[in-house]
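**Student:** fold the stuff below for me.
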Amino acid sequence: MNVFISNAYAAGATGSNELMSFLPLIVIFVLFFFMIIRPQMKAAKEQRAMIAALQKGDEVITSGGIVGKISKVSDTFVSVEIAPNTEITVQKQAVQSALPKGTIKSL
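**Tutor:** Numbers count the residues shown, from 1 in each chain. The predicted model follows:
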């Protein structure tokens, strides 16, 4: 027995249906931007501002976990005193955060 079934085609899509099919994708992108991208951009901007404001005497912690006081600042490097008469030179980008004054004495 040979049975032929005709193909069923959907009715022509209208412009509003196409927009509705992209709506979830647009919503996901907007949520992604406001929950992930924007906060990261804000944190990166704050980090750049903190690095630009480094000056002699600031207490800092490096990305390697070394705590010290800045003794010299140049364009790309800072010298950090980690103990009396012991200095290391690190790139400015290696400074993770600036600590409040007096933090080293309390450690």
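
**Student:** quick one: buried residues of the helix or strand of the chain with the lowest mean pLDDT?
**Tutor:** For the chain, counting by mean pLDDT, DSSP states H and E, helix 15-32 ranks last in confidence among helices and strands (a mean of 85). Judged by neighbour count (16 or more other CB atoms under 10 Å), helix 15-32 contains no buried residues. Any C-beta I mention is one placed from the backbone N, CA and C, and that applies to glycine too.

**Student:** quick one: the most centrally placed residue in the chain and residue 94, what's the gap?
**Tutor:** For the chain, the residue sitting closest to the mean C-alpha position, by CA atoms, centre = their mean, is residue 40 at 3.7 Å. Counting by CB to CB, to the nearest Å, the gap from residue 40 to residue 94 is 20 Å.

**Student:** for this protein, what spans make up the helices?
**Tutor:** Applying DSSP state H to the chain gives helices spanning 15-32, 38-52, 103-106.

**Student:** just give me the neighbour total for residue 79.
**Tutor:** Residue 79: 16 surrounding residues under other CB atoms under 10 Å.

**Student:** what's the closest non-adjacent residue to residue 100?
**Tutor:** With sequence-adjacent residues excluded and distances taken as CB to CB, 6 or more residues apart in numbering, residue 100 is closest to residue 59, at 7.4 Å.

**Student:** what bridges to that neighbour?
**Tutor:** residue 69, residue 99 (DSSP bridges).

**Student:** how close does residue 42 sit to residue 100?
**Tutor:** 22 Å.

**Student:** neighbour count for the two, which is higher?
**Tutor:** residue 42 (10 against 7).

**Student:** any weak-confidence spans in this structure?
**Tutor:** For the chain, applying pLDDT under 70 flags the ranges 1-3, 8-16.

**Student:** run the chain-centre distance for the least confident helix or strand of the chain.
**Tutor:** 27 Å (CA atoms, centre = their mean, to the nearest Å).

**Student:** cool, stretch 99-106 as well?
**Tutor:** 26 Å.

**Student:** how far does that stretch stretch from start to finish?
**Tutor:** 12 Å (CA to CA, to the nearest Å).

**Student:** go on, stretch 67-82?
**Tutor:** Termini of stretch 67-82 sit 6 Å apart (CA to CA).
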